[in-house]
Structure formats: structure tokens, C-alpha cells
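Q: Sequence and predicted structure are below.
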Amino acid sequence: MRKTVNTSSRITILLTGIAATLFSLWYGQNNGLLPVAASEDASQVDGIFSLMMTVATGLFLLIQGALLFSAIKFRRRKGDETDGPPIAGNVPLEIAWTAIPTVMVLLISVYSFDVYNTMGGLDREASQDPGPQKVSYRSGQHPGSELLAFDPGQKYLALGVGASPQQKEEPEEPLPVEVNGIQYAWIFTYPDTGVVSGELHLPVGRQIDLKITAGDVLHAFWLPEFRLKQDAVPGRETQLRFEPNRVGEYSVVCAELCGAYHGVMKTTLHVQTPEEYEHWSQEQQIAQADKLENSVAATPNSRSASEFLAPYAERMGVESQTLEQLKASPTASASN
Ligand SMILES: [Cu+2]
């Protein structure tokens with residue numbers, strides 16, 4: 001006995017399909033699952049995410065909907081002891097459910113490949129530093145086997161994302177920042193100015209060139225708002241190139257389980273206007289020069305205690321004579 005699908009059922013199926021498609025398209029764009037996109041590249045990555053979310057929502061509705069519908073509609077009725085109809089294979093259906101996912105996976109792979117290429121992920125010369133010892137690998141390609149072909153003494157291997165051909169044409173030099181991951185902090189060094197900081201400050205609208213390494217174990221440098229993640233490997237240099245296009249504070253997270261306190265290995269990325277960034281940089285340079293000048297380690301035994309304390313005393317509003325008196329008092333307190 002074979003039931004034919006009547007016209008009203010066909011219309012219901014069609015309308016349900018249209019509603020599910022429209023909902024999937026809407027949810028793909030409005031799921032709110034991603035944090036703000038703080039760079040051009042981030043919006044492109046979000047495009048792939050939206051597409052995959054749309055497809056996944058459609059599939060979820062289709063499969064769960066059919067399951068739920070069948071479970072209710074074709075449930076066993078009271079007193080019905082008969083078997084279900086013996087169905088063995090359906091060639092058109094099997095061709096359809098093989099062909100459609102194949103086409104979808106191919107589309108997504110071509111699309112993501114294109115985005116990865118635009119972001120500079122396929123650029124073998126990801127690093128602009130010339131020199132025979134510098135070899136670049138594209139991100140995502142495991143270099144283990146190729147490494148054996150090189151001199152084991154070489155230090156600089158860049159695994160990079162971001163130095164795309166388009167970006168190389170830009171006249172402005174990217175701002176270099178050295179990133180060092182240690183248990184359990186990120187240390188940022190600005191080679192241009194010598195500034196060392198525990199927080200990352202970057203000017204908006206400028207190419208950034210991060211050279212990433214690790215001091216102890218494997219870490220992963222992750223900028224969720226930039227949709228960028230890069231391995232931090234001891235003894236090897238990896239790279240990230242990007243351009244922040246939104247002023248704000250963003251998170252820097254370690255995304256590789258690196259020890260007991262991996263969970264606290266977080267800091268802040270401040271994307272600032274060029275003026276604000278310049279101001280911060282100046283401040284840091286002055287503060288660090290001051291610290292170096294006044295630190296005991298830099299000037300061992302070359303100054304008397306009052307000389308050494310003078311800048312601090314001045315800041316606290318203590319007179320130099322008071323300082324001399326204070327210096328004399330320990331003998332008095334020691335005799336107590
Ligand atoms: Cu870590």
C-alpha cells in the first residue's frame with residue numbers, strides 16, 4: 001500500500017521549507033555569538049562563520065524537524081501490532097544526500113581558502129626580514145618534516161599569517177612588536193623604542209607585525225576580537241600581521257594549556273589613536289629610563305642612600321634634611 005502525497009501536504013512542506021530557509025539565513029547573520037570584529041580580516045572570518053552557521057541551522061531544522069514530525073505522525077497506535085513497510089534503498093535519495101553535502105563542503109573550502117589567502121596565510125615569505133637564515137612557513141602547515149632539511153642551529157623560522165601581497169604594497173613600515181609567552185604572562189617588547197610592557201598597546205590604522213615566541217613551554221597567542229591565533233613556540237619565531245581598525249580594549253588570551261595557571265594568562269590589548277599611542281610610548285620610555293637610572297642594580301654602590309632616595313623623597317615631599325635625620329635614627333632604634 002502506497003500513500004500519495006496530496007496537494008495540501010506539498011504546500012505545507014514547501015512553506016515549512018521556505019520558513020526554515022529564511023530563519024536559517026536570518027540566524028546566520030544575527031546569532032550574536034562572536035565578539036566585535038576589530039580588524040578587516042576579522043570581518044572576513046566572520047563571513048565564513050555566518051555561512052557555516054546558516055548551513056548548520058538549516059540542517060538542524062531539517063533533520064530535527066523531520067525526526068520530530070515522524071516520531072509524532074508515525075508513532076505506534078494502540079492495538080497496532082503490524083510491522084512497518086519493508087523499504088530497501090532509494091537511489092535518488094541517496095544520490096541527493098551525497099551530492100548536496102559534497103557541493104556544500106567544496107563551496108565552504110574554496111571560500112575559506114580564499115579568505116585565508118587574502119589574510120596572507122599562504123604567503124611563504126611571510127616575514128619581510130631578509131637573510132638566508134630566515135625561512136617562512138605558512139600557518140597551518142606543519143613544518144616538522146621540512147625542518148629536518150635545514151641547519152638545526154638556525155634560530156629564525158617564521159610561521160606567519162598576514163603578510164599578504166596587497167599589504168606589502170603599502171608604503172608604511174609595519175610596527176614591529178616582539179611577543180614573548182612565559183608561564184603565565186605575555187611580555188611585549190617594542191624594538192623601535194626599547195619599551196617593555198605587560199599590556200599590548202597598538203595604534204589604530206597601522207600595519208602591525210608581531211614576532212611571537214615562548215620562553216618556556218608552548219603557548220598560543222590569541223586575539224579573539226581579531227579572529228587571530230598563533231602558536232608561541234620556544235626557540236622558534238612565529239608571526240602575525242594585521243591592522244587594527246577600531247579603537248578600544250580587547251583581550252589577549254593564551255589558548256594553549258600551558259600549566260596550572262594557564263587560565264590566568266590573559267592581558268589587554270589597547271588599540272589607541274596614533275596620538276594616544278605616541279603619548280603612551282613616550283611615557284613608557286621616560287618611566288623606564290628613570291627606573292633604570294635609579295635602580296640599585298644599574299648603579300651598585302655608586303651612590304649614598306640619601307642620593308639614591310632623593311628622587312623618591314622629592315616625589316613624596318620629604319626634605320633632604322629630614323632624610324639625613326632618618327638615616328641617623330636606625331642606630332637609636334637598634335639599641336631598644
Ligand atoms: Cu600559556
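A: Done, it's in.

Q: Touching, Ser50 and Trp26? I think so.
A: No: in this structure, Ser50 is not within contact of Trp26 by C-beta atoms under 8 Å, at 10.9 Å. For every residue, glycine as well, the C-beta is placed using N, CA and C.

Q: Neighbours of the residue lying closest to Leu62 once chain neighbours are set aside, how many?
A: Spatial nearest neighbour of Leu62, excluding adjacent residues (C-beta to C-beta, 6 or more residues apart in numbering): Ala20 at 6.7 Å. Residues within reach of Ala20, counting by other C-beta atoms under 10 Å, total 17.

Q: how close does Ala20 sit to the ion?
A: 42 Å (C-beta to the ion, to the nearest Å).

Q: and what of Glu81?
A: Taking C-beta to the ion, one finds Glu81 at 63 Å from the ion.

Q: From the contact counts, what lies against the helix or strand hosting Leu240?
A: Element membership for Leu240 (DSSP states H and E) is strand 237-242. In terms of contacts (3 or more C-beta pairs under 8 Å, 6 or more residues apart in numbering; DSSP states H and E), strand 237-242 is packed against strand 157-161, strand 208-214, strand 228-232.

Q: Just checking: what are the partner strands of it?
A: Taking DSSP bridges as the criterion, strand 237-242 forms sheet pairs with strand 157-161 (parallel), strand 208-214 (antiparallel).

Q: picking up where we left off before, residues touching the residue nearest to Leu62, list them.
A: Gly58, Leu61, Leu62, Gly65 (C-beta atoms under 8 Å, 6 or more residues apart in numbering).

Q: returning to what we had before: reformat the helices and strands packed on strand 237-242 as TSV; add distance to Ala38.
A: Shown next, in TSV, are these (distance: least, C-beta to C-beta, whole Å):
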stretch	distance to Ala38
strand 157-161	16
strand 208-214	12
strand 228-232	10
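
Q: and among those strands, the most buried is which?
A: strand 157-161 (a mean of 24; mean count of other C-beta atoms under 10 Å).

Q: Average pLDDT for it, rounded please.
A: For strand 157-161, mean pLDDT is 54.

Q: which residues does Pro274 contact?
A: Per C-beta under 8 Å, 6+ apart, neighbours of Pro274: Pro203, Val204, Gly205, Arg206.

Q: Alpha carbons only: can I get stretch 261-268 in PDB?
A: Provided in PDB are the C-alpha atoms of stretch 261-268 (Å, rounded to 0.1, in the frame of the first residue of the first chain):
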ATOM      1  CA  TYR A 261      47.700  28.800  35.900                       C
ATOM      2  CA  HIS A 262      47.100  28.800  32.100                       C
ATOM      3  CA  GLY A 263      43.600  30.200  32.900                       C
ATOM      4  CA  VAL A 264      45.000  33.500  34.200                       C
ATOM      5  CA  MET A 265      47.400  34.000  31.200                       C
ATOM      6  CA  LYS A 266      45.500  37.000  29.900                       C
ATOM      7  CA  THR A 267      46.200  40.600  29.300                       C
ATOM      8  CA  THR A 268      44.700  43.600  27.500                       C
END
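
Q: show me what contacts the residue in the stretch 101-250 of the chain that the ion sits nearest to?
A: Residue of the stretch 101-250 of the chain nearest the ion, by C-beta to the ion: His219 (3.5 Å). By C-beta under 8 Å, 6+ apart, the residues touching His219 are Gly181, Ile182, Asp231, Ala232, Cys254, Glu256, Cys258, Met265.
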